[in-house]
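Visitor: From the sequence below, what's the structure:
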Amino acid sequence: MKAASSIYKIAITAILTLPLLVSAAGIGVIYKDAVLNDPLLGQARKKLEIGKVQQDLAKAQIYPNVSANIAVTESDLDQDLKISNPFMNDGRSHQRAAMLSLSMPLYNFGIFSALKQAKINIHQKELEVEAAKQDLIIRVVSAYFETLAARDNLEFTLLEKKAIKRQLDQIKNRLELGQVAATGVYEAQARYDLMAASVTQAEETLANRFEALREITGKRYNSVGFLKDNCSFTATDLLTIKQWQKLSNENNPDLAAADKAIELAQENIQYCKTQAYPYLSLDSNVQRSNDSGYMAGTTTSGSLTISLSIPIYSGGKVSTSVREASKQFEMAKLIKEQGIRKVYRQINASYNGVNTSISRITALKQALASAKLAHEATASGYEFGTRTIVDVINAQTELHRAQLNLKQAKYSYILNRMLLKRAAGTITPKDINKLEGVISAEEQIN
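Guide: From the prediction side, this is the model:
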């Protein structure tokens, strides 16, 4: 029994040292890399920056526009007339003129409506950034634990391949002794070849999982940590599904962003209506000119104009744009309703997933304990000659499968917990810190 346990530990150690001998990448480190390098989060932040620039552009429509013009004119006059003009002298004359102009809106409701839309848009983009941050946590957790699951599956297939190889070798020895037919060898060889293919597939899956981490962070990792055995797997904080739904209505950034989209669409209706409103504008200028010619002297002039513009008919453009904006408003409300239903579905699925995972963990712990006892009994029987090596290998395979299934159930519990908090909008980087506390660089083998 002790010999079999030692062989098992040695096999696990050998498998874990197959990758490069580097320290395991913790989920906290990967999350920090993702915050700095994730393109999706970066896009959300850039959209917010663009929204702020658009607000500045909207503000610019309120402020006065000031311009200056300077002109210099030089002319020559050569009179060759029978009757000359006594007021015009032959020769060269210079004229210099400068004008300062100012124009600004006095009343234009459309400008203020556009500014209000820009402010609403910024609030929406801020909520979208928060949603992107929460999504990033989920993507990191999902990719990390999928990598753990792929690594565990590779370990299992390698151990099973090794066990089948031992069976194959034993059957070949028995064939040489004439104790079995060649058919038994062919069957064992087929099982071994299939398992070799499974190992190749598991290696590819693990490589793809590491690539998924690189896609998020822009960095490559060679290994990941191990979930500690002392993790607590409890119910969903004693909250009901309706309570989780209430939390989502209050905190989910996607739903809040959808509310802002509705508000923005509603304000756009008002903006379209303002295109038919009268508007006042002010235009003024001051001009000063200096002439050295026949009308030599300096002239200063100025003007101040207040204009009232009243749109009368634009070919139905305003009414059509209002109808279009109204349809967009209705669509925004439907998008919000779709978002609510999606969040509620996620809450229900994650809530049920957590509770199902707890039940599976409890059952699989018992199954693992039974598999350990069966393996120990089979190993003991082999030492006394009542069991064959094939029996030992089969019992060992069942033990490995029970361990694998238990790990997968634990990963499912953690992911569903995180998905539930994401749907409620309460997930934060602190949840990553908590996960960091239950992940170790080395596996704990009991």
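
Visitor: Distance check, residue 137 against residue 277.
Guide: Distance from residue 137 to residue 277, counting by CB to CB, to the nearest Å: 47 Å. Every C-beta, even on glycine, is put in place using the N, C-alpha and C of the backbone.

Visitor: Residue 303 too?
Guide: To residue 277, residue 303 is 26 Å away according to CB to CB.

Visitor: Per-residue pLDDT of the nearest residue to residue 151 once chain neighbours are set aside, please?
Guide: Nearest residue to residue 151, sequence neighbours excluded (CB to CB, 6 or more residues apart in numbering): residue 206, at 5.8 Å. As predicted, residue 206 sits at a pLDDT of 96.

Visitor: Residue 147 is in contact with residue 206, correct?
Guide: Yes. Between residue 206 and residue 147 there is a contact under CB atoms under 8 Å: 7.2 Å.

Visitor: Pick out whichever of the two has more residues nearby.
Guide: Between residue 206 and residue 147, residue 147 has the larger neighbour count (other CB atoms under 10 Å), namely 25 against 22.

Visitor: so what's that one up against?
Guide: 206, 209, 210, 212, 213, 224 (CB atoms under 8 Å, 6 or more residues apart in numbering).

Visitor: Take these and keep only those in helices.
Guide: Of these, the ones assigned to helices by DSSP state H are 206, 209, 210, 212, 213.

Visitor: what's the closest of the residues you listed to residue 266?
Guide: residue 212 (40.3 Å; CB to CB).

Visitor: any chance you could map the helices in the stretch 251-400 of the chain?
Guide: Taking DSSP state H, counting those that start in this stretch as the test, the helices found in the stretch 251-400 of the chain are 253-274, 317-383, 389-424.

Visitor: Export those helices as a markdown table, with columns for mean neighbour count and mean pLDDT.
Guide: Below are the helices of the stretch 251-400 of the chain laid out as a markdown table (neighbours: other CB atoms under 10 Å; pLDDT from 0 to 100):
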| stretch | mean neighbour count | mean pLDDT |
| --- | --- | --- |
| helix 253-274 | 19 | 97 |
| helix 317-383 | 16 | 94 |
| helix 389-424 | 21 | 92 |
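
Visitor: and of those, who's closest to residue 200?
Guide: Evaluated over the helices of the stretch 251-400 of the chain, closeness to residue 200 peaks at helix 389-424, with 18.2 Å, by CB to CB.

Visitor: On the C-terminal side of the least confident helix or strand in the chain by mean pLDDT, identify the next helix or strand.
Guide: Ranking every helix and strand in the chain by mean pLDDT, DSSP states H and E puts helix 2-16 at the bottom, with a mean of 46. Once the chain leaves helix 2-16, the next helix or strand it forms, by DSSP states H and E, is helix 27-37.

Visitor: contacts for that following helix?
Guide: Here helix 27-37 makes contact (CB under 8 Å, 6+ apart) with 41, 133, 136-137, 139-141, 144, 213, 216-219, 221, 225, 429, 432-433, 435-436, 439.

Visitor: Could you identify the buried members of those?
Guide: Neighbour-count burial (16 or more other CB atoms under 10 Å) applied to those gives 41, 133, 136-137, 139-141, 144, 213, 216-217, 221, 225, 432, 435, 439.

Visitor: about what we covered before: out of the contacts of helix 27-37, list just those in strands.
Guide: Among the contacts of helix 27-37, the residues falling in strands (DSSP state E) are residue 439.

Visitor: Report the spatially closest residue to residue 145, excluding sequence-adjacent ones.
Guide: In space, and not counting its chain neighbours, residue 145 is closest to residue 411: 4.5 Å by CB to CB, 6+ apart.

Visitor: how much space between that neighbour and residue 225?
Guide: Distance from residue 411 to residue 225, counting by CB to CB: 12 Å.

Visitor: Give me the common contacts of these two.
Guide: Shared contacts of residue 411 and residue 225 (CB under 8 Å, 6+ apart): residue 148.

Visitor: coming back round to it: what separates the residue nearest to residue 151 from residue 144, distance-wise?
Guide: As judged by CB to CB, residue 206 and residue 144 stand 13 Å apart.

Visitor: returning to that earlier point: now intersect the contacts of helix 27-37 with the helices, please.
Guide: Reading helices off these with DSSP H, I get 41, 133, 136-137, 139-141, 144, 213, 216-217, 429, 432-433, 435-436.

Visitor: What residues does residue 72 make contact with?
Guide: Contact analysis of residue 72 by CB under 8 Å, 6+ apart lists 94, 95, 96, 97.

Visitor: In strands, which of those appear?
Guide: Cross-referencing the contacts of residue 72 against strands under DSSP E gives 94, 95, 96, 97.

Visitor: want to throw those residues into JSON lines with pLDDT and distance to residue 261?
Guide: Converted to JSON lines, the ones in strands among the contacts of residue 72 look like this (pLDDT from 0 to 100; distance: CB to CB, whole Å):
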{"residue": "94", "pLDDT": "75", "distance to residue 261": "62"}
{"residue": "95", "pLDDT": "81", "distance to residue 261": "58"}
{"residue": "96", "pLDDT": "86", "distance to residue 261": "56"}
{"residue": "97", "pLDDT": "88", "distance to residue 261": "53"}
